[in-house]
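Asks: predicted structure and sequence below. I'll ask about it afterward.
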Amino acid sequence: MSLPHQLVDTVGNTPLIRLNRYSDETGCEILGKAEFMNPGGSVKDRAALGMVREAMARGELAPGGTIVEGTAGNTGIGLAMIGNAVGCRTLIVMPNTQSAEKVQTLAAYGAEIRQIPAVPFRDERHFVHESRRVAEAMNAEAPGSAFWPNQFDNTDNRLAHKQTTAEEIWRQTDGQVDAFICAVGTGGTLAGVERGLRTHKADVTIGLADPGGSGLHNFFASGEIKIEGSSISEGIGNSRVTDNLADTRVDFSCQPRDTEALPIVYDMIRDEGLVLGGSSGINVAGAIRLARELGPGHTIVTILCDGGLRYSARLFNRAYLAERGLSMPDWLEF
């Protein structure tokens, strides 16, 4: 009998799924990394595990300690899950704009949750800055009691993706991957995969799919962070270049709007059997655009970040969507 796994051993090694409709339409192999199959339900499990493992190896976190993080949701879920598995508490500071489903999931893991108003990063009341202050106060009272992962600027985040996500993609495509594209929140996934794949194939094409309301598309296209539009997608987009994203070479950048990405989300339900969140729609829209840029015959990988039921109050709410000029297809009976 083989030895059983511990929970942390089940993070990663997710399959690649061929997106049949978009592969056939573009003449490229468009493959989605099924990160929704991680035990915490999202790609953020990788960063959470990587940051916690490195912190424990350095002696910055010990069983019985508290992980304090500012997060829009999925990283917090991953940290709460991993924290429980290694004997640590988790305290999450998050903006009050995130889905109720994410808050409920965090609560189910036993995390302490502090929701605060959403403000720009330059404002000291931003949830990331507030999480840092909470961790500092805890450590002032009891030195070494709190670990602040700082997912946006802790490069253990991108290291986890370089060591795992990139290597899995290379292996699963038998080294035939031509391009990788995804959206950016912290930048860890894109930056880590870029570095990992380029160790094998220097000319691999790396693309950014940036949602409306984020300034990174304009940064990579023109060198200027300029925010345009908005998006109902959560956990992606940024108005600054994080330490994780810094010095990442991006060859192709686009900014799919919700009017382009949401129909893809709904079509994937019926055509592929995949119920995914809005960020996956942005990613697949970016992969389709990149396929058309490169031409037929290429293999393009993107990230299927998390499941759509975490966003039911938005994705499957006709009134909410109508207020934003968006809609669901008639065949969805909500």
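Replies: Okay, I see it.

Asks: give me the number of residues near the closest residue to residue 204 other than its chain neighbours?
Replies: Leaving aside its sequence neighbours, residue 204 sits nearest to residue 197 (Cβ to Cβ, 6 or more residues apart in numbering; 4.8 Å). For glycine as for every other residue, the C-beta is placed from the backbone atoms N, C-alpha and C. Applying other Cβ atoms under 10 Å, we find 25 residues neighbouring residue 197.

Asks: ok, residue 197 touching residue 168?
Replies: No - the criterion here is Cβ atoms under 8 Å, and residue 197 misses it with residue 168 at 10.8 Å.

Asks: could you check how far the residue nearest to residue 204 is from residue 299?
Replies: Applying Cβ to Cβ, to the nearest Å, the value for residue 197 to residue 299 is 12 Å.

Asks: which residues do those two both contact?
Replies: Shared contacts of residue 197 and residue 299, defined by Cβ atoms under 8 Å, 6 or more residues apart in numbering, are found at residue 177.

Asks: now for the nearest residue to residue 240 once chain neighbours are set aside: which residues touch it?
Replies: Distances taken as Cβ to Cβ, 6+ apart put residue 121 closest to residue 240, at 6.0 Å, once the chain neighbours are dropped. Listed by Cβ under 8 Å, 6+ apart, the contact set of residue 121 reads 128, 239-240.

Asks: now flag whichever of those residues is closest to residue 99.
Replies: Proximity of the contacts of residue 121 to residue 99 was ranked by Cβ to Cβ; the top entry is residue 128 with 19.0 Å.

Asks: quick one: secondary structure of residue 301?
Replies: Recorded secondary structure, residue 301: strand (DSSP: H, G, I helix; E, B strand; the rest coil).

Asks: next one: it from residue 15, what distance?
Replies: 12 Å.

Asks: looking at these two, which is more packed in?
Replies: Taking neighbours as other Cβ under 10 Å, residue 301 and residue 15 compare with residue 301 leading, 28 against 11.

Asks: next, the contact list for that one, please.
Replies: Contacts of residue 301 by Cβ under 8 Å, 6+ apart are 16, 31-33, 169, 173, 177, 179-181, 287.

Asks: residue 113: neighbouring residues, count only.
Replies: For residue 113, using other Cβ under 10 Å, the count is 16.

Asks: what about the helices in the stretch 101-250 of the chain?
Replies: 127-141, 156-160, 166-172, 188-200, 216-222 (DSSP state H, counting those that start in this stretch).

Asks: ok, and what's touching the second one?
Replies: Read it as helix 156-160. With contacts defined as Cβ under 8 Å, 6+ apart, helix 156-160 is touched by 46-47, 49-51, 54-55, 151, 186-189, 191-192, 195, 244.

Asks: residues of that helix that come out buried?
Replies: In terms of neighbour count (16 or more other Cβ atoms under 10 Å), helix 156-160 has its buried residues at 156-160.

Asks: sketch out the low-pLDDT regions of the protein for me.
Replies: Flagging of the chain using pLDDT under 70 yields the residue ranges 1-3.

Asks: max-length helix in it?
Replies: Counting by DSSP state H, the longest helix found in the chain is helix 278-294.

Asks: what is it packed up against?
Replies: Other elements packing on helix 278-294 under the criterion 3 or more Cβ pairs under 8 Å, 6 or more residues apart in numbering; DSSP states H and E are helix 20-26, strand 29-34, strand 179-182, strand 205-209, strand 252-254, helix 258-272, strand 299-304.

Asks: include distance to residue 292 when you put those into a markdown table, please.
Replies: Converted to a markdown table, these look like this (distance: least, Cβ to Cβ, whole Å):
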| stretch | distance to residue 292 |
| --- | --- |
| helix 20-26 | 6 |
| strand 29-34 | 11 |
| strand 179-182 | 12 |
| strand 205-209 | 12 |
| strand 252-254 | 10 |
| helix 258-272 | 13 |
| strand 299-304 | 10 |
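
Asks: compare these and report which one is nearest to residue 226.
Replies: Evaluated over these, closeness to residue 226 peaks at strand 252-254, with 12.4 Å, by Cβ to Cβ.

Asks: thinking again about what came up before, pull the most distant pair out of the contacts of helix 156-160.
Replies: Using Cβ to Cβ, the pair of the contacts of helix 156-160 lying farthest apart is 55 and 195, separated by 20.9 Å.

Asks: quick one on the thing from earlier: and for residue 301 and residue 15, which residues touch both?
Replies: Common neighbours of residue 301 and residue 15, using Cβ under 8 Å, 6+ apart, are residue 33.

Asks: out of the helices of the stretch 101-250 of the chain, flag the one nearest residue 280.
Replies: Per Cβ to Cβ, nearest to residue 280 of those: helix 188-200, 12.5 Å.

Asks: list of residues touching that closest one?
Replies: Contacting residues not belonging to helix 188-200 are listed as 43, 46-47, 151, 157-163, 165-167, 169-170, 175, 177, 180, 182-184, 204, 206, 208, 244-246, 248-250, 303 [Cβ under 8 Å, 6+ apart].

Asks: want to throw the contacts of residue 301 into a markdown table with distance to residue 102?
Replies: A markdown table is the format used below for the contacts of residue 301 (distance: Cβ to Cβ, whole Å):
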| residue | distance to residue 102 |
| --- | --- |
| 16 | 26 |
| 31 | 27 |
| 32 | 21 |
| 33 | 21 |
| 169 | 27 |
| 173 | 31 |
| 177 | 31 |
| 179 | 30 |
| 180 | 26 |
| 181 | 25 |
| 287 | 25 |
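
Asks: perfect, that will be all.
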